[in-house]
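Asks: Please work out how this folds:
(2 chains)
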Amino acid sequence: MNTVSYFHRQMQQVKEELLKMAGLVEEAIHDATTALARRDLELARAVVRGDRRIDLMQNNIEERCITLLATQQPVAVDLRFLAAVIKICAYLERMGDQAVNLAQRAMAIEELSPTEVPGTLLHMADIAREMTRDCLDAFVQESVRLATHVLRRDDDLDSLNRSFLEEMIGWMTAERRLIRRGVEFILASRHLERLGDEATNIAEEVVYLVEGRIIRHQNPAEAGAGPR
Amino acid sequence: MVDAPEPIISVEDLNFYYGESQALTNINLKVVRSQVTALIGPSGCGKSTFLRLLNRMNDLIAGTRVEGKVIFEGVNLYGPEVDPVHVRRRIGMVFQKPNPFPKSIYNNVAYGPRLHGLRDRAKLDELVERSLKAAAIWDEVKDILHQSALGLSGGQQQRLCIARAVAMEPEVLLMDEPTSALDPIATARIEELVKELKRNYTVIIVTHNMQQAARVSDETAFFYMGRLVEMGPTEEIFTRPRKEQTEHYITGRFG
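Replies: Numbering: from 1, shown residues only, chains lettered A, B, ... in the order given. Have a look, this model is predicted:
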């Protein structure tokens, strides 16, 4: 049947567009964290400039999905795929925004007197990048195992974020002139933590796509156990 | 776990043959009272044959053979003492193409009850009105009851046929692709009607239109090559079917 193969070609194109968008977001996150670590002003500016393209891609993908929902009435795995893609592209767009936020932190920190970026922050950036890569790989491979790994990794990022906040509070309490820098670092840590949350959201969509289970807002034990 | 609701029809180990060729193999399923059950599957999968077995319509075809049981309210419809005419009265059928008799609208509906001995004019009037109302066509025909049914549109004719089936006061209504000959507006009216009918009847509907199955039914059964592949709540079948064959069929990856 021609209509069927046409539909599945369209679905394939949606997937390719989403992966293109994901590539841009991954790059933005990579560049923003690098700009932060190396105090690279140019790279930070490039991240800010690049965000517009990501935003437009979200609109384009969302429109394609809605058109397919309206015209093809997909069911089962096709329906779950389109529902997941609509959400994933929104999460990716927000990840792009967090990359911009991080780039702005990098620019603000660069203006301050030379300071070493705290190791905890760099470690958090590594985890955020790893989670981004893994949640997207989980989507491409439809791997629940990898998605579940992303969910666990988010706990590490959250606890680093909390301990980093304590560290910064201690630091700023001891030395008032460090407050400006401390606030920038806390904000950066917050952006990285949010990146992890978005990667977690994407991982949850992968579980929905593959198994049809909604694991959001469930405790981790339930999220891990499959229905069949 | 909640107890499963009492089924109105239980099919047990049902096999069906047209001569030497086996059309249905080992079908087991339960139909829940006051629900709409949709039967889906590609052409030749056995869904219409199965539907016709539920009120012994296949008896009319020579050389057919049935094994197993269709238990309707505790009685095996294929038991030796069962009268197929009585079965068809309690389990009515609406066909693919509207097939009104070349009679007046009134007489189309009154025909069956008259045949079963109802002669009282007032009671007949009341039954005709109630049946036409149940089939959501009363308002359109109440002033032309004595005109020919053949003057109605296709969608109206099909609702008249539903009224005719309802007039026999059956418990179950079988529908064999009841909208395949109708336009989208007439189809939407029949679909609305099906959802209304389940308040008083159990409806089993065969449809080639999967979106129709998704819209109107509570339970969906997927047949393939004479076997029941999967049956479950419609919302589950259409969002996360358990069997790969079901998934492939409803997403158009074969068939």
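
Asks: where does chain B come near chain A, residue by residue?
Replies: Counting by C-beta under 8 Å from any C-beta of the partner chain, chain B comes close to chain A at B:210-211, B:214, B:238-242, B:246-247, B:250-253. C-betas here are computed from N, CA, C, even on glycine.

Asks: give me the residue from the stretch 101-250 of chain B nearest chain A.
Replies: Scanning the stretch 101-250 of chain B for the residue nearest chain A gives residue B:240, at 2.9 Å (criterion: C-beta to the nearest C-beta).

Asks: what about the residue nearest to that residue when sequence neighbours are not counted, how many residues close to it?
Replies: Sequence neighbours aside, residue A:212 is the residue nearest to residue B:240 in space, at 2.9 Å (criterion: C-beta to C-beta, 6 or more residues apart in numbering or on different chains). Using other C-beta atoms under 10 Å in any protein chain shown, residue A:212 is surrounded by 17 other residues.

Asks: Repeat that for residue A:164.
Replies: Residue A:164 has 23 neighbouring residues, counting by other C-beta under 10 Å.

Asks: Which strand or helix spans it?
Replies: Assessed by DSSP states H and E, residue A:164 sits inside helix A:144-174.

Asks: Can that helix be said to contact chain B?
Replies: No - using C-beta under 8 Å from any C-beta, helix A:144-174 never reaches chain B; the gap is at least 13.7 Å.

Asks: any idea of the mean pLDDT for that helix?
Replies: Throughout helix A:144-174, pLDDT has a mean value of 96.

Asks: what do you get for stretch B:181-196?
Replies: 90.

Asks: list the buried ones in that stretch?
Replies: Within stretch B:181-196, the residues scored as buried using 16 or more other C-beta atoms under 10 Å in any protein chain shown are B:181-182, B:186-187, B:189-191, B:193-194.

Asks: So which of those residues belong to strands?
Replies: Using DSSP state E, no member of these falls in strands.

Asks: quick one: the strands in chain B?
Replies: Under DSSP E, chain B gives strands at B:7-18, B:21-32, B:36-40, B:64-72, B:75-76, B:91-94, B:172-176, B:202-206, B:219-224, B:227-233.

Asks: All the helices of chain A, residue numbers only.
Replies: Assigned by DSSP state H, the helices in chain A fall at A:2-38, A:41-72, A:76-111, A:119-141, A:144-174, A:179-211, A:220-224.

Asks: residues of the second one that come out buried?
Replies: Neighbour-count burial for helix A:41-72 flags A:43-44, A:46-48, A:50-51, A:54, A:57-58, A:61-62, A:64-65, A:68, A:72 (criterion: 16+ other C-beta under 10 Å).

Asks: for the longest one, same thing?
Replies: Buried residues in helix A:2-38, counting neighbours by 16+ other C-beta under 10 Å, are found at A:7-8, A:10-11, A:14, A:17-18, A:21-22, A:24-36.

Asks: Report the angle between that helix and helix A:76-111.
Replies: Angle, helix A:2-38 to helix A:76-111, by axes from the mean of the first three to the mean of the last three C-alpha atoms, to 10 degrees: 20 degrees.

Asks: Could you do the second one as well?
Replies: Regarding helix A:41-72 and helix A:76-111, their directions subtend 160 degrees when assessed with the same axes, to 10 degrees.

Asks: Now do helix A:41-72, average pLDDT.
Replies: 95.

Asks: other SSEs contacting it?
Replies: Counting contacts by 3 or more C-beta pairs under 8 Å, 6 or more residues apart in numbering or on different chains; DSSP states H and E, helix A:41-72 packs against helix A:2-38, helix A:76-111.

Asks: Skipping adjacent residues, who's closest to the residue nearest to the spatial centre of chain B in space?
Replies: Compute the mean C-alpha point of chain B, and by C-alpha atoms, centre = their mean the closest residue is residue B:174, 1.4 Å away. Spatial nearest neighbour of residue B:174, chain neighbours left out: residue B:93 (4.5 Å); criterion: C-beta to C-beta, 6+ apart.

Asks: ok, back up a step: of the buried residues of helix A:2-38, list those near chain B.
Replies: Answer for the buried residues of helix A:2-38 near chain B (C-beta under 8 Å from any C-beta): A:7-8.

Asks: Look at the closest residue to residue B:217 other than its chain neighbours and say how many residues are nearby.
Replies: Leaving aside its sequence neighbours, residue B:217 sits nearest to residue B:38 (C-beta to C-beta, 6+ apart; 3.6 Å). For residue B:38, the neighbour count with other C-beta under 10 Å is 28.

Asks: Could I get the pLDDT score of residue B:38?
Replies: 97.

Asks: what's across from it in the sheet?
Replies: residue B:205, residue B:220 (DSSP bridges).

Asks: Ok, residue B:31 next?
Replies: With DSSP bridges as the rule, residue B:31 is bridged to residue B:9.

Asks: Look up how far residue B:250 lies from it.
Replies: Relative to residue B:250, residue B:31 is positioned 21 Å away (C-beta to C-beta, to the nearest Å).
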